[in-house]
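Participant: coordinates for the following, if possible.
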Amino acid sequence: MTPVVSNTTSANAGSRTGNEMKDLPDYPLPRGVHAVPPEFLDTRPDDELDNDIMHPRPVSSEKNIWFFWHTGYETMHPYAKRNVRAWHRRLSKRGWTVRVLDRASGSLSNVANFLDVSDPHTFPRAFTEATIGGRYAMQHVSDLVRWPLLLRYGGVYADVGLMQIGDLDRLWNETVANPDSPFEVLSYNLNGGLANYFLASRPRNPFFERCHRLFLALWAEDGGKTSTDGMHASPLLKGVPLMSSSATIKEDGKTIGSDEVQKMLSDYIAQGQATSMVMGLVDDEDGWDGPQYAAKHIYAIDYMEGSQLINEITSWDGKEAFHLMSLSLPKRGEVESPEQKQAREIVEACLRRSFGFKLAHGLIIRVFKYTLGSLWRDHEGSDDVPGTYAHWLRHGTAYWNQDELPPALDFGVIEPFKRGPLLREK
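Facilitator: Numbers count the residues shown, from 1 in each chain. Prediction:
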């Protein structure tokens, strides 16, 4: 059936409150998706949500959603704020608190109000002294707050570019928070590793504790690093495969081959390399068996189906994804065009099958030039136009939920990358 968009609003369709709701389109509810009951939604206006997010309550439970934006929530791009608000709307009345931490002077959400930023067992010297540099400095600052927050407080760490789609509260309650469940960690399975843009656990998780110790050791090498450049070659990561990529980069009339791109990608996601080493480590002295732990205790969703579906369907063509999401749904009486059909199938597939969608902005821009996230950033408000497929997708992430939980991929028990102590070089 061809979906149509009308000027009426169903009981579950509003993404505003009061008089603003009457102007919203009535979007089709895909099969396998249901409207969240109003009593479990925070339907207050955006500015009231923003006030809550910028004035965080003291941590009182493990149900924390942690984000990071170096200069603070108020300075975030509008489309990223919409991502965060959707998490709040869907989860705050289920007992979750959404927090966007920062490093802004005087901010209530400064990391220093939650963690000891001078503790060398928590942060490397470059973080404490604010000397982290390089092309992706702010991404690496955010990398360094993830595990310390989860280890102390527990909950979920997510990038501000991650749109949450699936039922996170139910997944948490049935796995990590369930004493009868074997699962202790939630993430996405990224080719056998974990995607660091979504990590979840209770406090003091033994897997993340080892990951963090290794990551700090990588930052401490060479007298103390100020970037992740060259970390892929550290002896502490010997045996861990480089991040896989067949892409090349053309810049300034030169071509960077796929081998170099793999090294660049592995440095960019050095945190992921540390994770992979701990998953592949057997340390008899410490009583740690990473392959067994990953197979038994990590619930990781397929990252492509679970968080990159738009990119997969559009062959990572950011301009194409942006164009399709910017189209308007057909009005009543109009025939659905082939492009509208493709856009509809993308939105329906995401809302039914994906646990989230990661809007990418970092190193990937050097490879593909454009992504949906970069174009939403550059064309302010383009993701929030009522009647478009982008708005339909956004509406679903804030007010609907999936009927079923996503399956976890089976890691299997791999051959160890390393046998011996975590911080001893081979």
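
Participant: and the gap between the nearest residue to residue 175 once chain neighbours are set aside and residue 162?
Facilitator: Nearest residue to residue 175 in three dimensions, chain neighbours excluded: residue 183, at 4.0 Å (C-beta to C-beta, 6 or more residues apart in numbering). No exception for glycine: its C-beta is placed from N, CA and C like everyone else's. Remark: distance between residue 183 and residue 162 (C-beta to C-beta, to the nearest Å) = 20 Å.

Participant: those two - which one has more neighbours?
Facilitator: Neighbour count, other C-beta atoms under 10 Å: between residue 183 and residue 162, residue 162 has more, with 24 against 19.

Participant: and the more buried one, what does it touch?
Facilitator: 83, 197-198, 307, 356-359 (C-beta atoms under 8 Å, 6 or more residues apart in numbering).

Participant: repeat that for 7 Å
Facilitator: 83, 197-198, 356, 358 (C-beta atoms under 7 Å, 6 or more residues apart in numbering).

Participant: what are the bridge partners for it, then?
Facilitator: residue 358 (DSSP bridges).

Participant: per-residue pLDDT, it?
Facilitator: At residue 162, the predicted lDDT confidence score is 98.

Participant: list the contacts for the most centrally placed residue in the chain?
Facilitator: Closest to where the C-alpha atoms of the chain average out (C-alpha atoms, centre = their mean) is residue 197, at 3.4 Å. Shown in contact with residue 197 (C-beta under 7 Å, 6+ apart): 158-159, 162, 358.

Participant: give me that answer again for 6 Å
Facilitator: By C-beta atoms under 6 Å, 6 or more residues apart in numbering, the contact list for residue 197 reads 159, 162, 358.

Participant: and these as TSV, adding distance to residue 283?
Facilitator: Shown next, in TSV, are those (distance: C-beta to C-beta, whole Å):
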residue	distance to residue 283
159	30
162	32
358	32
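
Participant: ranges for the helices of the stretch 151-300 of the chain?
Facilitator: 168-174, 206-220, 258-268, 270-279, 290-297 (DSSP state H, counting those that start in this stretch).

Participant: winner for burial among these?
Facilitator: helix 270-279 (a mean of 26; mean count of other C-beta atoms under 10 Å).

Participant: got the angle for that helix vs helix 258-268?
Facilitator: For helix 270-279 against helix 258-268, the angle by axes from the mean of the first three to the mean of the last three C-alpha atoms, to 10 degrees is 80 degrees.

Participant: same question for helix 270-279, mean pLDDT?
Facilitator: Mean pLDDT, computed over helix 270-279, is 97.

Participant: what comes into contact with it?
Facilitator: Residues from elsewhere that reach helix 270-279 (C-beta under 6 Å, 6+ apart): 143, 193-194, 196, 210-211, 214-215, 228, 231, 237, 240, 266, 290, 294.

Participant: which of those residues sit farthest apart?
Facilitator: Spatially, the most separated pair among the contacts of helix 270-279 is 228 and 294, at 23.2 Å (C-beta to C-beta).

Participant: from the contacts of residue 197, which single one is nearest residue 260?
Facilitator: Closest to residue 260, out of all of the contacts of residue 197 and judged by C-beta to C-beta, is residue 358, at 24.1 Å.

Participant: what about that closest one, distance to residue 318?
Facilitator: Using C-beta to C-beta, we find residue 358 at a distance of 13 Å from residue 318.

Participant: give me the pLDDT value at residue 364.
Facilitator: Model confidence at residue 364 (pLDDT) stands at 83.

Participant: excluding chain neighbours, what is closest to it?
Facilitator: residue 371 (6.1 Å).

Participant: just the pLDDT for the one you found.
Facilitator: Note on residue 371: pLDDT of 96.

Participant: count of neighbours near it?
Facilitator: 26.

Participant: I'd say it and residue 320 touch.
Facilitator: No. Between residue 371 and residue 320 there is no contact under C-beta atoms under 6 Å: 10.9 Å.

Participant: before we move on, back to that, okay, now the residue nearest to the residue nearest to the centre of the chain when sequence neighbours are not counted: neighbour count?
Facilitator: Excluding the flanking residues, the one nearest residue 197 by C-beta to C-beta, 6+ apart is residue 159, at 4.1 Å. Neighbourhood size, residue 159 [other C-beta under 10 Å]: 23.

Participant: just for the chain, where's the confidence low?
Facilitator: Within the chain, the ranges that satisfy pLDDT under 70 run 1-25, 426.

Participant: report the outermost residue of it with respect to its centre.
Facilitator: The outermost residue of the chain relative to its centre, with distances by C-alpha atoms, centre = their mean, is residue 333 at 38.9 Å.

Participant: that older thread, just the closest of the contacts of helix 270-279 to residue 419, please.
Facilitator: For these, the nearest to residue 419 is residue 290 (10.4 Å; C-beta to C-beta).

Participant: distance of the closest one from residue 211?
Facilitator: Taken as C-beta to C-beta, the span from residue 290 to residue 211 is 10 Å.

Participant: got it, and residue 40?
Facilitator: Taking C-beta to C-beta, one finds residue 40 at 33 Å from residue 211.

Participant: ok, residue 425 next?
Facilitator: As judged by C-beta to C-beta, residue 425 and residue 211 stand 18 Å apart.
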